[in-house]
Each structure stands twice: as C-alpha cells, then as structure tokens.
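*Asks:* Give the three-dimensional model of this entry:
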Amino acid sequence: MSEPVERNAKHSDLPRRAVTRSAKLATLPLSFAGRTALGLGKRIGGKSAEIVAQEIQQRTAEQIFKVLGELKGGAMKLGQALSIFEAALPAEIVAPYRATLTKLQEAAPPLPTATVHRVLTEQLGDDWRENFLSFEDQPTAAASIGQVHRAVWHDGRPVAVKIQYPGAGKALLGDFKQLARLGKVFGALLPGLDIKPVLAELQERIAEELDYLREAEAQHAFAMEFKDDPDFHVPDVIAANEQILVTEWMDGTPLSRIISHGTQEERDRAGLLFVRFLFCSPARVAMLHADPHPGNFRMLPDGRLGILDFGAVNRMPNGYPVVFGQLTRIFNQGDMETVIAGLRAEGFIRPHIEIDPDALRAFLAPYVEPMAVEEFTFSREWLQAQAATVTDLRPTNVVRQLNLPASYVLIHRVHAAGVGVLCQLGTTARFRDEALRWVPGFADDEALPLA
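*Replies:* Next up is the predicted model:
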C-alpha cells in the first residue's frame, strides 16, 4: 500500500508519517523513566512511598492518555479497548483524551478529490467510472481508516462506496509495534492487566479491519441472516476488493439524531433493538458487531434498526461464552465467592491478585443491574454515579486489579460502548427479557464448571 503524498498531511491532523508516530509513542517510556527518578528524589526528601507512587501513577496516566489521544490507528483502538480502566482515572486526566476520541468518531478530514480518483484508478482500473452512473466526489462519512461516497451503480441502484485511506494499514500496524514496548508502563498503572495478549488480539483484529474483502464476507452474512427480518436491516454487498467496498445504500435517521432529538418512544425502541441486535447476532450469525457507536446505526421509516460497518466483528462460532450468562446469573443471586472463582478461571483475575468482594460487586453492578430487574432505565446520571465509585488511583482500586483476557477484548469493547450508547439514548426497556432469550447460561441453573 502506498504512502500518502506529502500534500495530504495538510488535510488531516492525523500524524500518519511513521517517524512522527514513533516519536510520539516513544515519549511514553522515556517520560515514565523520568517520573520514576523524580519520585525517588521526593522519597529521599521525606514524602511517603504511597504518596509518591500515586503521584507517579497519575503523571503516567496523564502522559498515556495524552499521547494515545493524539493518535488514531492502533493507539486509538487500544484506548477504546482499555476504556474499562479509563473509568479508574480522575476525570481531569482523561477529559482531553475522551474529547479527542469523540472528535475522531464523528469524522476525519476527507481526502482530496484527486486522491480519491487516484485510489479508485489504482483499485478498479482506468475505466472505474464505467461501474457507476454517477459518483459524488465529496464523502458522506469519514472514519479512522476510510471514507464513504454516495454513488449510483451501473444498474441504477444507489450505493455506498467505501474507500480505504492510502497508508492507513501501515500507520495502524506500525502503532502496535511501538505499543508492544510499553508493557512496563501499563504494568505500573494497571498492575492486574497483562497488556501483551491484549495488544496481540487487537493487532490481529485490526489486520482484519484493513481487509475489505473480509468485511464484505461478514456484511453479506449479516445481510442474508436478517433479510426480511421484522427488526433489522443490513445492506448487502455488491462488489469488493481489499481496499474498496461497494454496498447497497441505506437511508434512515442516524442514532445520533435519535439521541439528540428523538421522542422517548423512539429512544426506547432504538435502545431495545440495539441491545437485541448485539445479543442475538452471535446466536444467529456466529459473529458480534464490534463497533457499536451511534454512527453505525439508523432507524428506518418502517421501525427497523439498520446496521452499517462490519469491519470490526468478533467471530464467535459457539455464540456468547456460556460462562458469561452463568456468571451474570450467579452475580444476581449474590454468590460473590463463585463469581470471583469464575473470573479467575476465565483469566479476569490473575493468580497473584487478591480482590475485595464488595469492591468487585460495586464495580460489576452497572453491567449486571439492567438484567437483574424486569425493566431498567439507562441514563447519563446513572452512568456517572457508577463511574464515581471507581475513579481513583489507589492500589486497592478494583479496576486496576482486573485483567482483560484476549478472547474478551472485543466483547468488552462492545459492552462498554453499548452501555454508553444506551445512556445517551436514555432508554427504558425490558433488557432482562433479551438476556433470557439470547444469552446462553443466563436462564439455566446449571452449576459453573470451575475445574
């Protein structure tokens, strides 16, 4: 894949050039070493080890989130995957990082028209215009690795043409080579986390996102399963290669519009279908849509939920892990001893880490509470109240003691993002019914196998 021409740098705040990106990521371990030396000096000067450690951790956190927030690509994906641990950090540290991620999710600066035409020529040939009756040069949407143009296919069908940014793959994968060197930094900030398998899993998934043929395969599978479905619509794939994807066009009201201007009835309907889609997909398609931000969903005039962007999917041939439903049910029954044993068996609590059951219960409650009652209302205030219980850097903070097993990286990403979307919507619905119907192990009384 070719490098972006120099003039394109003027059209984007994304530091794509490898030297620039490496230099930014390299500031993390160097700065951490400097803070450690500074901490030693303060201890000699009379400050307690606990206070010094907390100061070092806070400054390390500030630096990590500052650098990750300035980069897209692999750095941004890592930041999203670690969002559960972000809740353990003071708001003043992560506020700029969150703001950066919000801007990145909303839009990226578009490619110049000449670059778009060059990519289309490289990928489809000099006669690429013969595929279309019309093609709009200005994109309708832009994201982290590509942008979408509206067009009319040669047979008259309205289509969406997704074009990958030149050099996006190299930038993404290059980030992970740098991030792999930061294990000690994350170890100081999050002692319960084994970062290496998380990075390896994310790198493998990112490589999949860069392959539009693989995305086309996933989207077609969803389109076939949900064809004529009363609740969902997925536009089918028309043509694809590794860096160009052409799909049916789908109109509708973006979920972001429902969030900002929807009636309560519309919010409740959208949130319920959103949860139903995420819960039922592993059972029906053996895949989980792993990028559930509002820009990828539309409410259609007939009341169905339309779904876009299948670049990030978690392939789950056996559906949701049964232990997920079992641990949720056991948590609701109040048996924290079995919950902790189950989390250890699954790798969420590493062998050398001791967990306070009450602190763990308080942390897990937001994820489980919506499935513990007949009807539940998500809200920003509820989420803020839950986050407030874990926003400190003390070594005893349960969030800092947890691990994220590689097999759960995308599942966590979906659940954390999903809760955020539901709180934005302010949805009231019977979420427990969806779990009973679609989550294996949740409705059964079978004991949890811990051997």
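*Asks:* so what's the nearest residue to residue 129 once chain neighbours are set aside bridging to?
*Replies:* Excluding the flanking residues, the one nearest residue 129 by Cβ to Cβ, 6 or more residues apart in numbering is residue 135, at 6.8 Å. C-beta: built from backbone N, CA, C; applies to glycine. Per DSSP bridges, the residues bridged to residue 135 are residue 151.
*Asks:* so residue 135 touches residue 161, yeah?
*Replies:* Yes - counting by Cβ atoms under 8 Å, residue 161 is a contact partner of residue 135 at 7.2 Å.
*Asks:* Could you name every residue contacting both of those two?
*Replies:* Common contacts of residue 135 and residue 161 (Cβ atoms under 8 Å, 6 or more residues apart in numbering): 149, 151.
*Asks:* can you pull the pLDDT of the residue nearest to residue 129?
*Replies:* On the pLDDT scale, residue 135 is placed at 97.
*Asks:* Can you report how many residues neighbour it?
*Replies:* 18 (other Cβ atoms under 10 Å).
*Asks:* The one 4 residues further on too?
*Replies:* Burial measure for residue 139: 21 neighbouring residues, criterion other Cβ under 10 Å.
*Asks:* check contacts around it.
*Replies:* So residue 139 contacts 110-111, 116, 147-149 (Cβ under 8 Å, 6+ apart).
*Asks:* Can I get those in CSV including neighbour count, secondary structure and pLDDT?
*Replies:* Formatted as CSV, the contacts of residue 139 follow (neighbours: other Cβ atoms under 10 Å; DSSP: H, G, I helix; E, B strand; the rest coil; pLDDT from 0 to 100):
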residue, neighbour count, secondary structure, pLDDT
110, 19, coil, 74
111, 23, coil, 80
116, 19, helix, 92
147, 21, strand, 89
148, 19, strand, 94
149, 21, strand, 96
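*Asks:* Show me which of the residues you listed is closest to residue 276.
*Replies:* Of all those, residue 148 has the smallest distance to residue 276: 25.8 Å, by Cβ to Cβ.
*Asks:* Skipping adjacent residues, who's closest to the closest one in space?
*Replies:* Nearest residue to residue 148, sequence neighbours excluded (Cβ to Cβ, 6+ apart): residue 141, at 4.4 Å.
*Asks:* now swap in residue 420 and tell me
*Replies:* residue 383 (7.2 Å).
*Asks:* so residue 403, which of the three states?
*Replies:* Under DSSP: H, G, I helix; E, B strand; the rest coil, the three-state class of residue 403 is coil.
*Asks:* er, residue 410 I mean
*Replies:* Going by three-state DSSP: residue 410 is helix.
*Asks:* Surely it and residue 316 touch.
*Replies:* No - using Cβ under 8 Å, residue 410 makes no contact with residue 316, being 9.2 Å away.
*Asks:* So which of these two has more stuff around it?
*Replies:* residue 410 (22 against 18).
*Asks:* so what's residue 113 up against?
*Replies:* Residue 113 neighbours (Cβ under 8 Å, 6+ apart): 137-138.
*Asks:* neighbours of residue 213, just the number please.
*Replies:* If you count neighbours by other Cβ under 10 Å, residue 213 ends up with 13.
*Asks:* what does the one 5 residues further on give?
*Replies:* Applying other Cβ under 10 Å, we find 20 other residues in the vicinity of residue 218.
*Asks:* Look up how far residue 296 lies from the residue nearest to it when sequence neighbours are not counted.
*Replies:* Sequence neighbours aside, residue 310 is the residue nearest to residue 218 in space, at 4.3 Å (criterion: Cβ to Cβ, 6+ apart). Computed as Cβ to Cβ, to the nearest Å, the residue 310 to residue 296 distance reads 9 Å.
*Asks:* Common neighbours of these two, please.
*Replies:* Common neighbours of residue 310 and residue 296 (Cβ under 8 Å, 6+ apart) are residue 289.
*Asks:* So between the two, which is more surrounded?
*Replies:* residue 310 (26 against 20).
*Asks:* measure that one to residue 157 for me?
*Replies:* Taking Cβ to Cβ, one finds residue 310 at 19 Å from residue 157.
*Asks:* Over to residue 139?
*Replies:* Distance from residue 139 to residue 157, by Cβ to Cβ: 19 Å.
*Asks:* Likewise for residue 426?
*Replies:* Taking Cβ to Cβ, one finds residue 426 at 37 Å from residue 157.
*Asks:* who's more crowded, these two?
*Replies:* residue 426 (18 against 13).
*Asks:* Good, we can wrap up now.
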